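Enquirer: Test case, fold it:
(one chain, ligands or ions: 1)
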Amino acid sequence: MRQRPRRNRRNGFLRAIASESNLAPERFLAPVFLHEADATTPIASMSGQARLGPDGLLREAEGALEDGVRGLVLFPAVDEAKKTPTGNEAWNEDGLVPRSVRALKARFPELTVVTDVALDPYSSDGHDGLVAPDGRVLNDETVRVLCRQALVQAAAGADIIAPSDMMDGRVGAIRDALDQGGFEEVAILAYTAKYASAFYGPFRDALDSAPRSGDKRTYQMDPANVREALREVRLDEEEGADMVMVKPAGPYLDVVRAVRAATTLPVAAYQVSGEYAMLRAAAERGWLDERAAVLESLLAIRRAGADLVLTYYARQAARWLRD
Ligand code: PBG
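Expert: Next up, the predicted model:
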């Protein structure tokens, strides 16, 4: 037999030479949940994850940097009393996110802080945009307030603004607003191909941010589609996105692959709450080897073409890679 693929798998050295993809902590961003309280409150459907208070957040940042994870993505659990139909709290400069960004950047200037732009944690409707009396989610009116939200986050010191709302034209509008505000160095990580997915369930539990009525299918993408993702990539590129994202990650690796081929920008993929919850739940029952299954899931996302992976396993995976 002349062809023996197994020869290149014969020992660790040869396997390392033949390896086509790798994992490294610099490729991870860790999403974290914040709340107004001081306590660390575990999230039932995301075992191992918690809502953090101000001290907990600083400890999390310190631990992440120690583990080699250099960026956090902040998601606020806003008090029910502060939620309104217009989500005004989203652009309150003394709100939970701007305060947390200032605290993080004061203490850890080298940490990359990513903030989420969308109204759902702040809106009494639980939608990413403003809701009209007839239930429609308004596009252009929403984009105007998202610009205000982005400016407040940039002024607080956010390094990367990540619009996750899926309104049309928001990347360009936010880019212009940031430039006019003197924030030309603040980057935009666009949730370019964000699907209307059932895998966000645990996240909505964590923030208590599920839509109060209807669903998100008039703005998030249809899970059946991939050509549409390429259209979104083209638009976000034209509008000035610095990085494009596919979300969820694991069930959408074909989309990651297609987006990778369609752009020269860095591609991010978000291993979302439901993907995390599935791995955790199986691991806790002893049905999966957690370390092996998680690292494999992350490697698969890298292999599909992601430069950057947002994952709730970021710190743990970084430690596994080190040990
Ligand atoms: C909302 C937002 C969601 C996630 C990130 N930003 C949920 C949604 O669109 O309903 C989900 C992340 C996850 O599930 O881990 N703007």
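Enquirer: Give me the contacts around the one helix or strand in the chain whose mean pLDDT sits lowest.
Expert: None of the helices or strands of the chain scores lower by mean pLDDT, DSSP states H and E than helix 201-207, at a mean of 92. Helix 201-207 is contacted by residues 33, 43-46, 49, 51, 75-78, 120-121, 126, 209-210, 272-274, 276-277 when judged by C-beta atoms under 8 Å, 6 or more residues apart in numbering. The C-beta positions use only the backbone N, C-alpha and C, and glycine is treated the same way.
Enquirer: at 6 Å what do you get?
Expert: Helix 201-207 is contacted from outside by 33, 43, 45-46, 77, 121, 210, 273-274, 277, using C-beta atoms under 6 Å, 6 or more residues apart in numbering.
Enquirer: The helix or strand hosting residue 188: which residues count as buried?
Expert: Secondary structure assigned from DSSP states H and E places residue 188 in strand 187-194. By neighbour count with 16 or more other C-beta atoms under 10 Å, strand 187-194 contains the buried residues 187-194.
Enquirer: cool, and stretch 245-253?
Expert: Result for stretch 245-253 [16+ other C-beta under 10 Å]: buried residues 245-250, 252-253.
Enquirer: thinking again about what came up before, what are the pairing partners of the strand holding residue 188, and which direction each?
Expert: Sheet pairing of strand 187-194 (DSSP bridges) gives strand 160-163 (parallel), strand 243-247 (parallel).
Enquirer: Got a quick ChimeraX command for the buried subset of the contacts of helix 201-207?
Expert: Selection of the buried residues among the contacts of helix 201-207 in ChimeraX, burial being defined by 16+ other C-beta under 10 Å:
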select :33,43,45,46,77,121,273,274,277
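Enquirer: Which ones among the contacts of helix 201-207 lie within strands?
Expert: 33, 77 (DSSP state E).
Enquirer: neighbours of the residue nearest to residue 196 when sequence neighbours are not counted, just the number please.
Expert: Residue nearest to residue 196 in three dimensions, not counting chain neighbours: residue 220, with 3.8 Å by C-beta to C-beta, 6 or more residues apart in numbering. By other C-beta atoms under 10 Å, 20 other residues sit near residue 220.
Enquirer: Please look at residue 220 and residue 167 and confirm they touch.
Expert: No: at 10.7 Å, residue 220 does not count as touching residue 167 under the criterion of C-beta atoms under 6 Å.
Enquirer: which one of the buried residues of stretch 245-253 is nearest residue 226?
Expert: residue 252 (8.6 Å; C-beta to C-beta).
Enquirer: Tell me how far that closest one lies from residue 227.
Expert: As judged by C-beta to C-beta, to the nearest Å, residue 252 and residue 227 stand 14 Å apart.
Enquirer: cool, and residue 209?
Expert: For residue 209, the distance to residue 227 - C-beta to C-beta - is 30 Å.
Enquirer: do residue 159 as well
Expert: 32 Å.
Enquirer: who has more neighbours, the two?
Expert: More crowded of residue 159 and residue 227, by other C-beta under 10 Å: residue 159, with 18 against 7.
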